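>>> fold the following.
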Amino acid sequence: MPNSYDAIVVGGGHNGLVASAYLARAGARTIVLEARHKTGGAAATDQPWPEAPEFKVTTLSYVMSLLPPTIARDLQLERHGYKVFPMGPYYQAWPDGSSLQLFADDARRNHEQISKFSKRDAEAMPRWDAWLAGLADVMAPLLMETPPKIGSLKWSDLLDQLKVAWRYRGVGVRRVGDITRLFTMSISDLLDDWFESEQVKASLAINGVIGTWAGPREPGTAYVMAHHSIGDIGDGHLGNWGFPEGGMGAVADACRRAAESFGATIRTEAPVERLLVANGRVRGAVLRDGEEVTAPLVVTAIHPKITFLRHIDRAELPGDFVQDIERWKSRSGVVKINLALAELPDFIATPGTTLGEHHTGSVEMSLSIDELERAFVDAREGRAAERPFSDGCIPTVFDRTLAPEGRHIMSLFTQWVPHEWSEEPHKDELEAYADRMIDLYNELAPNLKGAILHRQVIGPHEMEQEYGLIGGNIFHGELSIEQLFHMRPSPGYADYRSPIAGLYQASSATHGGGGVCGIPGHHAVREIMRDRKRAKRLLSK
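The predicted structure is shown next:
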């Protein structure tokens, strides 16, 4: 049958493409069904300005980290075009002409930089880095684990729980205490324990709230910081990030080429309307035009609210599971602003439009923790932040494929607007918000406004409608304590399986998700292979 496959992957974002590559590599006749006109999902490179097609932007996601070297090797991503430039330092300037640069791998320069604000903090920074590295030794391997069914009394589930506990038997009382603090504290309180300088704390706090519907004083934001600090881009530098050549779309393209090299079929403009389920088992998918594609195995790499509340009749699912998905928090408040620039920003604190080291990393807008908190309070109270913050970067300092010579792309990942803005476009308000964001940068680099040739503003509504990011949440669900590990996205179903036999989950709403890493796609297929082995053993008895 021409429309019959061994496996269907719903969603051609990077996790779906990774899953399809592993399935095809294992010999499964695999098809990917992607609703949009192109693969990649939020990892996309686009040309948003028809009048200036020479400019390309990395539309939503914008930097690489956390992708395990194992996945890159298994799928031969470098052979398929995957190349990453390590980012330079974090850079934050202030209106008084001061600035701070923080380096991923240069303790001496960090000491020099931080000493401008606090000798005590300069001495504390190596201890902070060592503390994070110690936590990463525990937490980074956990990203590669399948969460056990904690609380289950089944012998096989108890064994899985014991295996995880045994693996971490030597962690120690102090380290367990550190991890407990990390999961329960706010990033503001955690930084207060380590540092005294408001400038240092503001520069470090941004990783605790990025992509998150929570201000820096909310419990749990310390973990969000750690999530963004425990990976690397394959260069061995903890917490390092990088710009992929060709933008984030090039990462998805490399994953797609890998999948196709193993024999996977990729279909775009193939939106799934519903999944075929009979007697508790998945049978395939029905496209919006009525076409049926059948397979005994389906991997869903899209938001769980779409899969389980729209693509499947709720009567086919356990009531408590449906309730968990209905309650799944996927708020955001993120606005992505992409700028085409005639020249690099000329900062008062670090003058010049010629390329400087401060242009090569994160160009932040995080003046104080108080400002971060006020920005969140604004959005929580129903208005766009008066003074938003931004995790900015200029990928064209390394990647010249994105803009003509002498021109640049600046990417601003900003927060917050009310999360309810995912329900309506709010175009005028978004443009006013973007104006305020650019004005803040212009206070620090007065040439910026005049250098803008084109701009693109993408709010939560467009993220949801165009990319399937419910609520505009880039992680398919908040990284809050009650939505991590064995709870992601539902207790009892955090092992990449689902209540429907043959239906597996590989979206960013599963464990390891959050960031362009491919971990959910890899882990879902790993569990599929384990189930196949178990089934073969049972048949052979």
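
>>> for the stretch 101-250 of the chain, which segments count as helices?
With helices called from DSSP state H, counting those that start in this stretch, the stretch 101-250 of the chain shows them at 107-115, 119-143, 155-167, 173-184, 187-194, 198-209, 221-227, 248-261.

>>> could you export stretch 47-54 as CSV, CA atoms only?
Extracted C-alpha coordinates of stretch 47-54, given in CSV (Å, rounded to 0.1, in the frame of the first residue of the first chain):
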residue,chain,number,x,y,z
GLN,A,47,13.7,35.9,4.5
PRO,A,48,11.0,38.0,6.1
TRP,A,49,11.5,41.1,4.0
PRO,A,50,10.5,40.6,0.3
GLU,A,51,12.0,43.9,-0.6
ALA,A,52,15.4,42.7,0.9
PRO,A,53,15.7,39.0,0.2
GLU,A,54,19.4,39.2,0.8
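
>>> quick one: contacts of stretch 323-332?
Here stretch 323-332 makes contact (C-beta atoms under 8 Å, 6 or more residues apart in numbering) with 211, 213, 303-305, 308-309, 419, 422, 460, 463, 469-474, 476-478, 480, 483, 489-491, 509. Yep, even glycine has a C-beta here, placed from its N, CA and C like the rest.

>>> and that stretch, which residues are buried?
Using 16 or more other C-beta atoms under 10 Å as the test for burial, stretch 323-332 gives 324-325, 328, 330-332.

>>> just the ones of the residues you listed in helices?
Among the buried residues of stretch 323-332, the ones falling in helices (DSSP state H) are 324-325.

>>> export the buried residues of stretch 323-332 to TSV and tack on pLDDT and distance to residue 427?
Below are these laid out as TSV (pLDDT from 0 to 100; distance: C-beta to C-beta, whole Å):
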residue	pLDDT	distance to residue 427
324	97	34
325	98	30
328	97	28
330	96	22
331	95	20
332	91	17
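
>>> picking that back up, between the helices of the stretch 101-250 of the chain, which one is closest to residue 385.
helix 198-209 (11.8 Å; C-beta to C-beta).

>>> mind giving me the packing neighbours of that closest one?
Counting contacts by 3 or more C-beta pairs under 8 Å, 6 or more residues apart in numbering; DSSP states H and E, helix 198-209 is packed against strand 90-93, strand 99-102, helix 187-194, helix 221-227, helix 369-380, strand 389-393.

>>> with mean pLDDT added, can I get these in a markdown table?
Below are the helices and strands packed on helix 198-209 laid out as a markdown table (pLDDT from 0 to 100):
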| stretch | mean pLDDT |
| --- | --- |
| strand 90-93 | 97 |
| strand 99-102 | 98 |
| helix 187-194 | 97 |
| helix 221-227 | 89 |
| helix 369-380 | 98 |
| strand 389-393 | 97 |
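
>>> got the end-to-end distance for stretch 367-387?
10 Å (C-alpha to C-alpha, to the nearest Å).

>>> try stretch 479-487
11 Å.

>>> list the buried ones in stretch 119-137?
Buried residues in stretch 119-137 (16+ other C-beta under 10 Å): 121-122, 124-125, 128-129, 132, 135-136.

>>> and those residues, which is the shakiest by pLDDT?
On pLDDT alone, residue 136 ranks lowest of the buried residues of stretch 119-137, at 83.

>>> do I have it right that that residue meets residue 228?
No - between residue 136 and residue 228 there is no contact under C-beta atoms under 8 Å: 11.4 Å.

>>> for residue 316, give me its contacts.
With C-beta under 8 Å, 6+ apart, residue 316 has these contacts: 277, 280, 499-500.

>>> among these, name the ones in helices.
In helices, judged by DSSP H, none of the contacts of residue 316 are found.

>>> turn those into TSV, columns for distance to residue 88.
Below are the contacts of residue 316 laid out as TSV (distance: C-beta to C-beta, whole Å):
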residue	distance to residue 88
277	50
280	53
499	47
500	46
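
>>> okay, and which of those residues map to strands?
Counting by DSSP state E, the contacts of residue 316 place residue 277 in strands.

>>> buried ones among the contacts of residue 316?
By neighbour count, with 16+ other C-beta under 10 Å, the contacts of residue 316 hold 277, 499-500 as buried.

>>> need the residues you listed in CSV with distance to residue 525 and pLDDT, can you?
Formatted as CSV, the buried ones among the contacts of residue 316 follow (distance: C-beta to C-beta, whole Å; pLDDT from 0 to 100):
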residue, distance to residue 525, pLDDT
277, 21, 98
499, 19, 98
500, 17, 98
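
>>> let me know the closest of those residues to residue 407.
For those, with residue 407 as the reference and C-beta to C-beta as the criterion, the closest is residue 500, at 49.8 Å.

>>> hmm, residue 312 and that closest one touching each other?
Yes - between residue 500 and residue 312 a contact is recorded at 7.0 Å, counting by C-beta under 8 Å.

>>> mutual contacts of these two, please.
Common neighbours of residue 500 and residue 312 (C-beta under 8 Å, 6+ apart) are 275, 277.

>>> chain center to the helix-or-strand element of the chain with minimal mean pLDDT, what's the gap?
When the helices and strands of the chain are scored by mean pLDDT, DSSP states H and E, helix 155-167 comes last with a mean of 82. Relative to its chain's centre, helix 155-167 lies at 29 Å (C-alpha atoms, centre = their mean, to the nearest Å).

>>> equivalent analysis for stretch 399-406, please.
25 Å.

>>> which parts of that stretch are buried?
399, 402-403.

>>> quick one: end-to-end length of it, please.
OK, stretch 399-406 end separation, C-alpha to C-alpha: 12 Å.

>>> ok, and what's touching that stretch?
45, 54-58, 85, 243-247, 340, 342-343, 395-396, 409.

>>> before we move on, back to that, separate out the buried members of the contacts of stretch 323-332.
With neighbours counted by 16+ other C-beta under 10 Å, the contacts of stretch 323-332 contain buried members at 211, 213, 303-305, 308-309, 419, 422, 460, 463, 469-474, 476-478, 480, 483, 489-491, 509.

>>> return the subset of those residues lying in helices.
304-305, 308-309, 460, 463.

>>> just send the helices and strands packed on helix 198-209 back as JSON lines, with mean neighbour count and distance to residue 23 too.
JSON lines is the format used below for the helices and strands packed on helix 198-209 (neighbours: other C-beta atoms under 10 Å; distance: least, C-beta to C-beta, whole Å):
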{"stretch": "strand 90-93", "mean neighbour count": "24", "distance to residue 23": "38"}
{"stretch": "strand 99-102", "mean neighbour count": "21", "distance to residue 23": "41"}
{"stretch": "helix 187-194", "mean neighbour count": "20", "distance to residue 23": "38"}
{"stretch": "helix 221-227", "mean neighbour count": "25", "distance to residue 23": "27"}
{"stretch": "helix 369-380", "mean neighbour count": "20", "distance to residue 23": "40"}
{"stretch": "strand 389-393", "mean neighbour count": "25", "distance to residue 23": "34"}
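
>>> between those, which one is closest to residue 527.
Per C-beta to C-beta, nearest to residue 527 of the helices and strands packed on helix 198-209: helix 221-227, 22.0 Å.

>>> using PDB, write down the CA coordinates of the closest one.
Provided in PDB are the C-alpha atoms of helix 221-227 (Å, rounded to 0.1, in the frame of the first residue of the first chain):
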ATOM      1  CA  THR A 221      13.700  30.300  38.200                       C
ATOM      2  CA  ALA A 222      17.100  29.200  39.600                       C
ATOM      3  CA  TYR A 223      16.500  25.900  37.800                       C
ATOM      4  CA  VAL A 224      15.800  27.600  34.500                       C
ATOM      5  CA  MET A 225      19.200  29.200  34.800                       C
ATOM      6  CA  ALA A 226      20.800  25.800  35.400                       C
ATOM      7  CA  HIS A 227      18.900  24.300  32.400                       C
END
